[in-house]
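1. what's the 3D shape of this:
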Amino acid sequence: MEPRALQSIALAVAEAQSVDLVLQRIVDGLAGRPGIALARIWLIGPGDICFSSCRARAECPDQTRCLHLLASAGRSIQDSGEDWTRLTGDFRRIPLNIWKVGCIGGTGTPTLITDDLATDPAIERPEWAKAEGIVAFAGQPLIFKGETLGVLAVFSRARISHSQFRWLRTFADHAAVALANARAFEEVARLRRQIELERDHLREEVREILALGDIIGESPALQSVLRQLERVAPTSASVLLLGESGTGKELVASAIHDRSSRRQQAFVRVNCASVHADLFESEFFGHVKGAFTGAVRDRVGRFQLADGGTLFLDEVGEIPRTLQAKLLRVLQEGQFERVGEERTRRVDVRIIAATNRVLEREVEAGRFREDLYYRLSLFPIKLPPLRDRKKDIALLASHFLRLASQRLNRSVPRLTAIDVQALEQYDWPGNVRELAHVIERAVILTDGRRLCLDQALALSRPGPAPDSVPVPGGLSRLLTDAEVRRLERQNIQRAIAQAGGKIYGHRGAAGLLGLKPTTLAYRMKALGIPRPAS
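-> Okay, the predicted model is just below:
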């Protein structure tokens with residue numbers, strides 16, 4: 001361990017920008033010097049294996065922190081075939097202030113044993129030292145800005161002088177700086193990747209959410225929801241939002257996040273119905289390059305992206321049962337592995353789930369795990385359909401009218417009492433989402449200052465067909481609710497027939513009708529239209 005050799009190693013270490021590379025260059029450089037049998041680095045970390053296979057568990061005074069073996073290099077002179085680069089074994093975890101390495105890490109005090117190591121009382125395996133001809137040990141704390149990061153230890157087959165020990169102290173200081181810099185580089189890279197992912201995955205969705213503004217309404221049904229929202233938002237409890245499609249579940253989920261202590265962190269949305277069954281695990285947990293065909297680079301999953309924030313699982317009832325157990329594990333333990341990677345990662349994520357399905361029936365039918373259902377539904381909130389919020393229709397319509405006019409660069413048309421009456425008489429099977437679409441459509445159709453609401457509403461209702469209910473007296477006659485529903489039922493049945501029985505996907509009935517698949521599924525259920533046999 002001459003000064004020139006240590007300087008050469010320090011220069012190589014200074015060029016590394018990852019923690020793993022810094023540690024490996026340190027131990028490889030030291031183990032390559034004459035007389036050095038083994039070089040190792042432990043860094044201080046959480047007590048992660050205290051209740052399983054830690055050899056020192058009985059002696060550990062504090063099971064919250066200990067030294068983790070993260071780098072090792074050396075050569076055995078025995079024929080045992082023992083791999084000295086492995087990071088497992090009896091000394092992969094060492095308690096602070098226990099054994100010679102633990103005392104260095106706990107006190108920050110260097111240790112040098114220059115006499116026959118096999119006879120020293122501090123050695124845990126004297127027979128190993130004797131068999132390997134190891135006579136000296138040098139341990140230096142890795143200290144950066146007054147904080148002990150870990151321990152650098154060297155086992156030597158040659159005597160270590162006090163001068164060499166002092167040079168090793170200087171080297172350890174350089175190593176600590178390199179380690180701190182590498183951690184800073186990795187943190188900057190992690191934050192940059194997270195920002196890029198948020199940009200790619202979330203910004204467009206956030207703009208859509210903000211376009212809806214705050215939750216609007218004065219009806220008793222909505223006020224009940226808002227009271228529940230205010231109570232649960234400051235907690236970390238999982239929330240299950242129930243209700244028909246288009247009732248504003250995503251808006252409520254965003255409001256819960258914005259009123260929580262996690263509001264400075266990410267709000268990540270996953271539409272479970274839009275994720276292909278084969279990609280669920282990659283979407284949730286991420287994957288490493290080469291994990292499967294098409295995995296050309298590492299990908300961070302939605303759970304890691306939402307770490308410290310909120311994950312909104314929209315249409316959670318669509319998650320395949322085969323993956324529900326893995327989802328349950330990360331909800332219970334906060335642990336997961338990327339696809340193709342053995343490393344276990346930890347996350348702290350609040351879950352808000354939403355569905356328009358009756359999950360109790362899904363549990364009874366065996367399509368949804370009961371334990372996952374109870375985990376998600378710690379605090380259920382039922383969102384009322386718009387037909388139960390008649391008092392809010394005028395307020396919502398006025399709000400959407402202003403937004404649509406701004407977006408289309410039009411002057412804001414006047415919403416008359418007759419317009420409001422027409423809106424309140426409609427049943428709104430698509431709920432608030434459908435109302436927003438109707439208002440925007442009316443703005444597009446508007447000629448001058450008059451809002452063409454009647455035409456916009458007519459486009460939302462199925463038009464008459466040859467086999468439809470006759471309308472005596474001409475098209476100006478108002479239809480009863482039963483007639484409108486009969487017309488709608490016939491129109492959906494014709495779309496399904498034209499699509500060859502296909503509901504979703506390319507040229508499916510939903511696309512032909514201009515509806516979201518979930519909206520069409522809800523209308524079919526409400527109108528008693530059975531799904532075609534597959």
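
2. which positions within the longest helix along the chain qualify as buried?
-> Looking across the chain with DSSP state H, the single longest helix is helix 162-201. Residues of helix 162-201 classed as buried by neighbour count (16 or more other C-beta atoms under 10 Å): 164-165, 167-169, 171-183, 194, 197-198, 201. Placement of C-beta: from N, CA and C, glycine included.

3. check stretch 268-278 too.
-> 268-270, 272-273, 275.

4. which pair in these spans the largest distance?
-> V268 and A273 (16.4 Å; C-beta to C-beta).

5. what count of nearby residues applies to the closest residue to L179 other than its chain neighbours?
-> Once flanking residues are discounted, L179 sits nearest to V22: 5.5 Å by C-beta to C-beta, 6 or more residues apart in numbering. Neighbours of V22 under the rule other C-beta atoms under 10 Å: 24.

6. that's a helix at V22, yeah?
-> Yes. Assessed with DSSP: H, G, I helix; E, B strand; the rest coil, V22 lies in a helix.

7. just name whatever secondary elements the longest helix of the chain is in contact with.
-> Under the contact criterion of 3 or more C-beta pairs under 8 Å, 6 or more residues apart in numbering; DSSP states H and E, helix 162-201 touches helix 3-14, helix 19-31, strand 136-144, strand 147-156, strand 299-300, helix 302-305.

8. now those as CSV including mean pLDDT and distance to H399?
-> CSV is the format used below for the helices and strands packed on helix 162-201 (pLDDT from 0 to 100; distance: least, C-beta to C-beta, whole Å):
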stretch, mean pLDDT, distance to H399
helix 3-14, 83, 59
helix 19-31, 92, 51
strand 136-144, 94, 55
strand 147-156, 94, 53
strand 299-300, 84, 36
helix 302-305, 90, 31
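
9. columns distance to D371 on top of the ones you listed, output as CSV?
-> Converted to CSV, the helices and strands packed on helix 162-201 look like this (distance: least, C-beta to C-beta, whole Å):
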stretch, distance to D371
helix 3-14, 49
helix 19-31, 37
strand 136-144, 44
strand 147-156, 40
strand 299-300, 27
helix 302-305, 19
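
10. quick one: closest of those to D48.
-> Nearest to D48, of these and by C-beta to C-beta, is strand 147-156 at 15.2 Å.

11. ok, residues contacting the closest one?
-> 1, 26, 30, 35-44, 67, 70, 74, 101, 104-105, 108, 117, 129, 132, 134-143, 160, 168, 172, 175-176, 179-180 (C-beta atoms under 8 Å, 6 or more residues apart in numbering).

12. so how do I select the buried members of those residues in ChimeraX?
-> In ChimeraX, a selection of the buried entries from those looks like this (16+ other C-beta under 10 Å):
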select :1,26,30,36,37,38,39,40,41,42,43,44,67,70,74,101,104,105,117,129,132,134,135,136,137,138,139,140,141,142,143,160,168,172,175,176,179,180
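
13. can you give me the pLDDT of Q78?
-> The model reports Q78 with a pLDDT of 79.

14. give me the spatial nearest neighbour of it, chain neighbours excluded.
-> Nearest non-adjacent residue to Q78, counting by C-beta to C-beta, 6+ apart: A131, 6.1 Å away.
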